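Colleague: next come a sequence and a model predicted from it.
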Amino acid sequence: MKGGEDTAMSGESLESLLKRSGNIVDLLRNSQVGAYVYPVVPIEFSNWRSEQVGWQKTVVLYDQSHHMSEVTVSGPDALRLLSHLTINSFANFTPNKAKQMVPCSYDGYVIGDGILFHLDENELLFVGRTPAVNWIQFHAQTGGYEVETTRDERSPSHPRGKAVIRRHYRYQIQGPNAEQLLERLNGGPLPQVKFFHMDAINIKGRRVRCLRHGMAGAPGLEIWGPYAEGDEIREAVLEAGRDFGLVQVGARAYSSNTLESGWIPSPLPAVFTGERMKKYREWLPASGYEGTASIGGSFQSPNIEDYYLTPYALGYGPFIRFDHDFIGREALERMAPGPHRKKVTFAWNADDVLKIFTSLFVPGGENYKYFDFPNCNYASSSFDRVLKGGRTVGFSMFGGYSYNERTALSLGVVDPDIEIGDVLTLVWGEENGGTRKTTVEPHRQLEIRVTVAPTPYSRAAREAYHQGWRTRHA
């Protein structure tokens with residue numbers, strides 16, 4: 001069956017929405033989609049501070065079963081299709097390996113990213129945010145490939161009491177005590193699995209597939225299986241973890257781990273412009289992620305392309321391999337010599353951050369934009385201006401607070417001449433009292449001093465991560 005099941009989009013297309021809406025930036029900056037929710041998983045199991053400490057000091061259980069979409073691609077052309085959609089090389093990409101897949105537009109700008117699992121001969125599974133899944137689905141259906149697709153959407157943000165069922169449960173066990181806990185579960189030594197390779201372990205008599213991974217400095221395992229077995233496996237993990245200080249991480253703390261580990265999770269998908277992207281925009285629904293996502297922050301440009309990012313800027317330069325034909329290759333070959341913006345961490349000045357909260361206790365006064373703990377993002381994609389001498393030199397794109405580091409942090413990109421240790425100015429909040437997003441209250445802007453720091457920010461993560469995973473930059 002070519003292209004998988006017919007999932008032709010009904011109703012208005014994204015292309016039609018863009019034509020009738022005028023400026024797409026204004027549309028997205030005033031989106032009414034609301035807050036991004038990490039669904040189903042409890043907000044906190046204990047408290048977000050202790051949960052953050054867990055991933056650095058003991059061991060944590062992340063429940064990733066609900067907030068990501070996934071698509072399985074199977075058939076004789078599965079590998080050929082996915083190779084055509086990513087900057088990554090597929091040389092020696094064989095079953096039981098995985099990679100961070102980064103699809104780009106024809107002009108070489110990032111659409112999204114996620115993890116691609118090579119499950120078996122002619123069977124691959126992609127797990128990530130919806131924009132990249134949409135891109136894969138579109139080409140599977142329209143590209144003439146001999147493939148079938150099975151898609152599973154992220155769980156609803158607001159289930160309203162209805163049962164939530166996914167194809168797979170997906171857990172990560174991470175932290176300094178992860179290996180001991182996993183050996184207890186397995187009933188003996190773990191298989192010697194290389195980084196981003198897969199194998200299987202035994203849990204309560206079940207064969208459970210696993211990926212060698214790392215999100216918290218010390219490498220651990222990601223495990224998954226049929227959703228119906230998820231409760232049984234979780235209970236086994238919790239029981240085995242009692243002796244190792246296991247901490248369950250709730251939805252509130254979960255996303256903040258990336259502040260220490262250095263992954264920018266939600267760049268704006270670069271799909272809104274370009275004649276070669278038109279067919280895709282006609283396929284996408286106006287009501288989907290791309291048409292309803294929100295842009296937030298102090299950076300404002302009428303040109304949506306000013307919000308696009310290259311793989312180089314996001315730290316994916318080392319992944320690019322020109323050993324295969326892929327969408328965006330010609331554009332990236334032209335960009336390759338540089339110069340390139342680069343990914344960094346911004347450490348926020350504590351005295352300046354305290355001004356945000358002081359403003360909340362001045363009756364009748366005008367407050368600054370609220371900074372939520374431990375994740376201060378209030379849009380699908382954030383773009384706060386970062387200045388040097390009044391000149392915009394980059395964006396802050398994903399922010400919050402690390403209890404481990406006792407610091408407000410954000411991840412972003414800066415011009416190539418910016419150095420580690422430079423003190424810059426971040427403009428916090430939106431212009432003219434704020435846009436009409438439901439997550440934005442009336443406020444005034446505040447300039448905050450930020451110090452440029454490496455990614456990952458956490459020393460443990462920098463020293464323990466496998467070379468090439470969130471640590472190397474072009």
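Modeller: Nice, thanks for sending it over.
Colleague: check the gap between Gly296 and Glu153 for me.
Modeller: In this view, Gly296 and Glu153 are 24 Å apart by CB to CB, to the nearest Å. Quick note: C-beta positions are derived from backbone N, CA and C, even for glycine.
Colleague: ok, the two, which is more surrounded?
Modeller: Shown here are Gly296 and Glu153; by other CB atoms under 10 Å, Gly296 has more neighbours (24 against 12).
Colleague: that one and Glu430 touch, don't they?
Modeller: Yes. Using CB atoms under 8 Å, Gly296 is in contact with Glu430, at 7.1 Å.
Colleague: please enumerate the shared neighbours of those two.
Modeller: Val440 (CB atoms under 8 Å, 6 or more residues apart in numbering).
Colleague: leaving out sequence neighbours, find the closest residue to the residue nearest the centre of the chain.
Modeller: For the chain, Pro265 is the residue whose C-alpha lies nearest the centre (CA atoms, centre = their mean; 2.3 Å). Spatially, and ignoring its direct neighbours in sequence, Pro265 is nearest to Thr258 (6.0 Å; CB to CB, 6 or more residues apart in numbering).
Colleague: quick one, what contacts that neighbour?
Modeller: Contacts of Thr258 (CB under 8 Å, 6+ apart): Met215, Ile264, Pro265, Phe398, Leu411.
Colleague: can you redo these as JSON lines with pLDDT and distance to Tyr254?
Modeller: Listed next are these as JSON lines, based on pLDDT from 0 to 100; distance: CB to CB, whole Å:
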{"residue": "Met215", "pLDDT": "55", "distance to Tyr254": "10"}
{"residue": "Ile264", "pLDDT": "97", "distance to Tyr254": "16"}
{"residue": "Pro265", "pLDDT": "94", "distance to Tyr254": "11"}
{"residue": "Phe398", "pLDDT": "98", "distance to Tyr254": "13"}
{"residue": "Leu411", "pLDDT": "98", "distance to Tyr254": "16"}
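Colleague: among the residues you listed, find me the one that's closest to Gly338.
Modeller: Ile264 (19.5 Å; CB to CB).
Colleague: hang on, that closest one packs against Lys343?
Modeller: Yes. Using CB under 8 Å, Ile264 is in contact with Lys343, at 6.7 Å.
Colleague: so what sits opposite Thr392 in the bridge?
Modeller: Beta bridges link Thr392 to Leu387, judged by DSSP bridges.
Colleague: please report how far Met277 lies from Tyr171.
Modeller: Met277 sits at a distance of 36 Å from Tyr171 (criterion: CB to CB).
Colleague: then Lys204?
Modeller: Distance from Lys204 to Tyr171, by CB to CB: 14 Å.
Colleague: how about Phe357?
Modeller: Counting by CB to CB - Phe357 and Tyr171 are separated by 35 Å.
Colleague: pick out whichever of these two has more residues nearby.
Modeller: Shown here are Phe357 and Tyr171; by other CB under 10 Å, Tyr171 has more neighbours (21 against 12).
Colleague: okay but the more buried one is in contact with Arg234, surely?
Modeller: Yes. Between Tyr171 and Arg234 there is a contact at 6.8 Å, judged by CB under 8 Å.
Colleague: find residues that contact each of the two.
Modeller: Common neighbours of Tyr171 and Arg234 (criterion: CB under 8 Å, 6+ apart): Leu61, Asp63.
Colleague: please enumerate the helices of this structure.
Modeller: For the chain, the helices defined by DSSP state H cover 14-21, 24-29, 48-57, 78-84, 130-142, 178-186, 230-241, 251-254, 257-261, 278-283, 289-292, 329-335, 350-358, 459-464.
Colleague: quick one: closest of those to Phe195.
Modeller: Phe195 lies closest, by CB to CB, to one member of the helices of the chain: helix 459-464, at 10.8 Å.
Colleague: now for the residue nearest to Leu79 when sequence neighbours are not counted, how many residues are close by?
Modeller: Distances taken as CB to CB, 6+ apart place Phe90 nearest to Leu79, at 6.4 Å, with adjacent residues excluded. Using other CB under 10 Å, Phe90 has 20 neighbouring residues.
Colleague: now do the one 4 residues further on
Modeller: The local packing count at Thr94 equals 10, with neighbours defined by other CB under 10 Å.
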